[in-house]
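>>> No letters, just coordinates:
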């Protein structure tokens with residue numbers, strides 16, 4: 001049930017003419033609904049448009065609503081509607097001419113207007129059909145304009161239908177009067193019975209005459225007799241209606257394109273998610289395979305190390321050992337590439353990194369979700385990790401280049417390894433290779449020089465030591481005079 005307001009307001013949504021509903025036996029599809037809002041600011045609705053377009057039925061629908069409220073009957077409009085209960089309903093509908101009372105059509109309308117002006121108030125609803133008709137068009141239009149302004153001064157709510165162009169022009173700039181029109185299909189020259197608010201309607205006099213097969217020469221002669229200003233105004237309304245229809249057509253097309261775009265975006269997003277899921281699955285399989293291969297190589301290394309009991313056996317196993325270590329280094333590099341190919345590459349605090357776009361290098365100071373705080377040229381920068389990669393920059397003085405020391409087939413081993421100048425990945429592989437070789441050669445103690453720097457290579461040494469912990473007895477930094485935290489002494493377990 002719509003809301004009945006104590007104040008004078010008309011806010012009807014999907015309202016239908018009750019008498020038409022009865023005629024159509026309650027079939028809502030056969031009665032065109034309309035929306036209208038009137039209040040103390042927009043008080044009077046002026047409806048224009050061609051005859052038989054639905055102006056009078058729209059006006060009568062509002063009067064019937066007031067009658068139904070008083071009878072306590074259901075209202076033919078949306079429950080979201082709001083309607084005030086007016087103290088007075090003043091209506092001028094139809095033709096009250098009377099020979100007995102010596103009243104012409106125009107006289108009867110003037111009599112009604114006089115009564116309305118004397119009795120209507122801000123709490124009244126005024127409904128007038130064919131306002132100002134029945135007299136000389138120019139004189140009647142002028143008087144109708146004055147009467148409309150007088151009604152507006154009474155502050156009553158009203159709906160008025162008319163064909164007068166001067167009233168349409170008045171409504172277009174008056175703050176309390178709004179134009180409305182009944183839509184007309186110019187292609188088929190037939191009414192659609194839809195109320196359009198905010199714009200006046202044309203009468204389509206000549207268009208309808210053409211449709212009714214009035215001879216063209218008569219229509220053309222009639223156009224010549226029309227006041228140029230009146231014809232121009234009617235043509236302006238025609239032009240505005242054509243523009244409105246074009247804009248509506250373009251708006252509908254834009255909506256269709258937007259819906260297609262949204263559907264396409266939804267489909268592409270779903271496909272992208274499926275591809276990403278497949279990629280993640282393949283990546284997991286690859287990492288699992290690489291991890292399995294790494295375990296096989298490590299097991300073979302462990303077996304070889306157990307079989308080495310003296311220098312003679314070390315000589316025999318040297319080639320096999322070197323081959324396994326090379327395979328492992330190659331696999332580790334492949335694993336490193338797999339990791340860096342992921343957009344979710346994880347860096348550690350202290351890593352030396354390079355910005356992919358600018359080639360600027362710096363040190364990772366902090367990790368914040370998917371971003372890293374990097375010190376670049378003594379300035380802190382927050383950079384997405386997907387835009388970074390591990391740097392090949394030296395962690396030691398530039399004058400000491402890195403030279404990888406290969407495993408020698410000789411049963412002897414250098415008791416000292418210098419990894420300054422390497423990347424972290426290179427350092428881990430080199431130290432592991434060196435520890436395995438040293439263990440194979442039955443070394444008791446080795447010295448690894450990693451430098452102090454940012455601590456990246458020290459972490460690489462610790463990572464390699466953890467991977468070979470079953471053969472390591474202990475490891476520690478020496479005194480400062482022997483290198484301090486830039487050196488690591490490693491003691492092996494005795495076989």
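Structure's in. What do you need? Remember, it's a predicted structure, so these values are computed and weren't measured experimentally. Residues are numbered from 1 along each chain as shown.
>>> Helices along this protein, start to end?
Ranges of helices in the chain, per DSSP state H, are 18-23, 55-71, 105-119, 137-153, 165-173, 205-211, 216-225, 228-307, 311-340, 424-440, 456-467.
>>> Neighbours of residue 459, how many?
18 (other C-beta atoms under 10 Å). Where you see a C-beta, it was placed from the backbone N, CA and C, and this is true even at glycine.
>>> Might you report the residue contacts of it?
Counting by C-beta atoms under 8 Å, 6 or more residues apart in numbering, residue 459 touches 348, 350, 424.
>>> Please report how far residue 278 lies from residue 272.
Here residue 278 is placed at a distance of 11 Å from residue 272 (C-beta to C-beta, to the nearest Å).
>>> Between the helices of the chain, which has the poorest mean confidence score?
In terms of average pLDDT, helix 311-340 trails the rest of those, at a mean of 61.
>>> can I get the helices of the chain in a markdown table with distance to residue 474?
What follows is those, written out as a markdown table (distance: least, C-beta to C-beta, whole Å):
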| stretch | distance to residue 474 |
| --- | --- |
| helix 18-23 | 98 |
| helix 55-71 | 97 |
| helix 105-119 | 111 |
| helix 137-153 | 102 |
| helix 165-173 | 97 |
| helix 205-211 | 105 |
| helix 216-225 | 112 |
| helix 228-307 | 19 |
| helix 311-340 | 23 |
| helix 424-440 | 13 |
| helix 456-467 | 10 |
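>>> Buried deepest among those, which one?
The highest mean neighbour count among these, using mean count of other C-beta atoms under 10 Å, belongs to helix 424-440: a mean of 23.
>>> Give the other helices and strands that that helix contacts.
In terms of contacts (3 or more C-beta pairs under 8 Å, 6 or more residues apart in numbering; DSSP states H and E), helix 424-440 is packed against helix 228-307, helix 311-340, strand 416-418, strand 445-449, helix 456-467, strand 487-492.
>>> Distance of the residue nearest the centre of the chain relative to residue 248?
When C-alpha atoms, centre = their mean is applied to the chain, the residue found nearest the centroid is residue 262 (9.7 Å). Applying C-beta to C-beta, the value for residue 262 to residue 248 is 21 Å.
>>> Was I right to think residue 297 contacts residue 327?
Yes - between residue 297 and residue 327 there is a contact under C-beta atoms under 8 Å: 5.7 Å.
>>> which neighbours do these two share?
With C-beta under 8 Å, 6+ apart, residue 297 and residue 327 have no common neighbours.
>>> Could I get the buried residue list for stretch 28-46?
Residues 31-34, 36-38, 42-46 are the ones in stretch 28-46 that count as buried (16 or more other C-beta atoms under 10 Å).
>>> how about those residues in CSV, adding distance to residue 444?
Conversion of those to CSV gives the following (distance: C-beta to C-beta, whole Å):
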residue, distance to residue 444
31, 104
32, 102
33, 99
34, 101
36, 101
37, 97
38, 103
42, 101
43, 106
44, 108
45, 105
46, 109
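>>> For the residues you listed, give me TSV that also has distance to residue 213 and pLDDT.
TSV is the format used below for the buried residues of stretch 28-46 (distance: C-beta to C-beta, whole Å; pLDDT from 0 to 100):
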residue	distance to residue 213	pLDDT
31	31	93
32	28	93
33	33	94
34	32	94
36	36	93
37	41	93
38	40	93
42	41	92
43	42	93
44	38	95
45	35	95
46	32	94
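>>> what bits of the stretch 351-495 of the chain have low per-residue confidence?
Applying pLDDT under 70 to the stretch 351-495 of the chain flags residues 392-412, 495.
>>> again, only this time at 80
Counting by pLDDT under 80, the stretch 351-495 of the chain has low-confidence residues at 351, 357-359, 367, 369-370, 378, 390-413, 425, 440-441, 454, 495.
>>> List the contacts of the closest residue to residue 204 other than its chain neighbours.
Leaving aside its sequence neighbours, residue 204 sits nearest to residue 50 (C-beta to C-beta, 6 or more residues apart in numbering; 4.4 Å). Residues in contact with residue 50 (C-beta under 8 Å, 6+ apart) are 182, 184, 191, 201-205, 208.
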